[in-house]
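1. The following block contains a protein sequence and its predicted model.
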Protein chains: 2
Amino acid sequence: MSGGMDSCVTAAIAARDYDIAALHASYGQRTEARELRSFHALADYFGAFDRMVVQLDYFSKIGGSSLTDTALPVHDADLASKTVPNTYVPFRNAHFLSIATSWAEVLGASRIFIGAVYEDSSGYPDCRPEYYDAMNALIHAGTRPETHITVETPLIYLKKSDIVQRGVELHAPLDRTWSCYRETDVACGVCDSCALRLRAFQEAGLDDPIAYAVRPEYVRV
Amino acid sequence: MSGGMDSCVTAAIAARDYDIAALHASYGQRTEARELRSFHALADYFGAFDRMVVQLDYFSKIGGSSLTDTALPVHDADLASKTVPNTYVPFRNAHFLSIATSWAEVLGASRIFIGAVYEDSSGYPDCRPEYYDAMNALIHAGTRPETHITVETPLIYLKKSDIVQRGVELHAPLDRTWSCYRETDVACGVCDSCALRLRAFQEAGLDDPIAYAVRPEYVRV
């Protein structure tokens, strides 16, 4: 649970059927401290029976992403682009899911929920549905015979605007979430993550409850 | 590269065809400091052009293994047992391979070598061949379209005694390796890992160059 909108709505979906243990990763991403604050606010809201925060310091050693390497600029969004943006952190979600799987196996948990979004996403390869099929096969092959853990991606085929609507229907605390890649006080409104979020609220005809430095209109081409 | 015999022989195989970047993980395993010393000695020997040591502190939070949880005892080996031993660290190799994949994608490396052994192993689920097939599918699905990384497991179908012989043929520096799960000065000779190693040398008819507190005869039933 990053503390962003997608993980918030995913947690709201999971919480209808399951008791929740909440996992968060700090990996040297630019807005690490701000995200952690949102994570704890969300875990409080959902009454998580356990929570774990892991420090993955090695991502800044590995580099290769503007999200973890401050020498690289965070570009303004180009939502029409078909290439992988430079905020892509190489193979990042496999790290999160590996930690979640190890923890789930010890807890005896049966499901791992992750807020991956495919169709309407930034174009990260580790948000594709076939990636999660492969992860489920890996978990099946790599855990004890009596362990049965499935990764669930309830948002993967949703448009971002549908996610906003779903969150509002479920009374998900979207005011506690954080999405911006750049700032930690008031969201910038123009990075990839802000652009996707603002466009989603605009398409859903709803008002985003958090503050922005600027709020451009993101009209879908 | 843990610093053990299998990763040493695997590195010797990789070094015939590739320049090597060496990755080691400290994850709160009992003999962490001793393994790290062997890792550096091996990376020196193989002339690694880059090396990375990562700290995975969260494994001791997760627990569930006698290898990372000092409250659980390390049992003496029972090589005839068919169950997963309590030294199994839940889903461990997925963490190592995820880090290796992220690093490989940034380095532009094409191969990841890991010394997993299936047939003659401790019975860890994440040493099965189908596990590595699943990992390769995951890497294919979860990295950039232009990235082509393959995990290689050159030892996976070998018997441990064949690994010893292969290592000797390749002049692999087995005297620099460390395998024991228990001690950090002189290997105990009776934990799972020592037992598998000693039996391998005995079956190969070769002398293990490292010191042991005791050297039982491990006759295969």
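-> Received, thanks. Residues are numbered from 1 along each chain as shown, chains lettered A, B, ... in the order given.
2. The least confident helix or strand in chain A by mean pLDDT near chain B anywhere?
-> For chain A, the helix or strand with the lowest mean confidence is helix A:58-62, at a mean of 88 (criterion: mean pLDDT, DSSP states H and E). Yes: with CB under 8 Å from any CB of the partner chain as the threshold, helix A:58-62 lies in contact with chain B, specifically through A:Y58, A:F59, A:K61, A:I62. No exception for glycine: its C-beta is placed from N, CA and C like everyone else's.
3. Select only the buried ones of these in PyMOL?
-> Buried members of those can be picked out in PyMOL with the line below, counting by 16 or more other CB atoms under 10 Å in any protein chain shown:
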select buried, chain A and resi 58+59+62
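4. From the residues of helix A:58-62 next to chain B, pick the one nearest chain B.
-> When the residues of helix A:58-62 next to chain B are compared for distance to chain B (CB to the nearest CB), A:Y58 wins out at 4.2 Å.
5. Now for the closest one: which residues touch it?
-> Under the criterion of CB atoms under 8 Å, 6 or more residues apart in numbering or on different chains, the contact partners of A:Y58 comprise B:M52, B:V54, B:Q55, B:I99.
6. in chain A, what spans have low per-residue confidence?
-> By pLDDT under 70, the low-scoring segments of chain A are A:120-122, A:221.
7. Do you have the strands of it handy? List them.
-> In chain order, chain A shows strands spanning A:21-26, A:50-55, A:111-113, A:150-152, with DSSP state E as the criterion.
8. Indicate which one of those strands is closest to chain B.
-> strand A:50-55 (4.2 Å).
9. CA atoms of the least confident helix or strand of chain A as CSV?
-> Output of helix A:58-62 as CSV, limited to C-alpha atoms (Å, rounded to 0.1, in the frame of the first residue of the first chain):
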residue,chain,number,x,y,z
TYR,A,58,19.4,-0.7,-2.7
PHE,A,59,17.0,0.9,-5.3
SER,A,60,19.1,4.1,-5.1
LYS,A,61,22.3,2.0,-5.6
ILE,A,62,20.7,0.4,-8.7
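10. how about the residues of helix A:58-62 next to chain B, which pair is most distant?
-> Greatest spacing in the residues of helix A:58-62 next to chain B, by CB to CB: A:F59 and A:K61 (7.2 Å).
11. can you count the residues close to A:A94?
-> Here the number of neighbours of A:A94 (other CB atoms under 10 Å in any protein chain shown) works out to 27.
12. Please tell me how far it sits from chain B.
-> Between A:A94 and chain B the computed distance is 4 Å (CB to the nearest CB, to the nearest Å).
13. Once you drop chain neighbours, what's closest to that residue?
-> Here the nearest residue to A:A94 in space, its sequence neighbours aside, is B:S98; by CB to CB, 6 or more residues apart in numbering or on different chains that works out to 4.1 Å.
14. same thing with A:Y181?
-> Using CB to CB, 6+ apart, the closest residue to A:Y181 is A:C191 (4.3 Å).
15. So what sits opposite the one you found in the bridge?
-> A:D76 (DSSP bridges).
16. With the flanking residues excluded, which residue is spatially nearest to A:Q29?
-> A:L67 is the one closest to A:Q29 (CB to CB, 6+ apart), at 5.1 Å.
17. How about A:R197?
-> In space, and not counting its chain neighbours, A:R197 is closest to A:S179: 4.8 Å by CB to CB, 6+ apart.
18. can you count the residues close to the one you found?
-> Neighbour count for A:S179, taken as other CB under 10 Å: 26.
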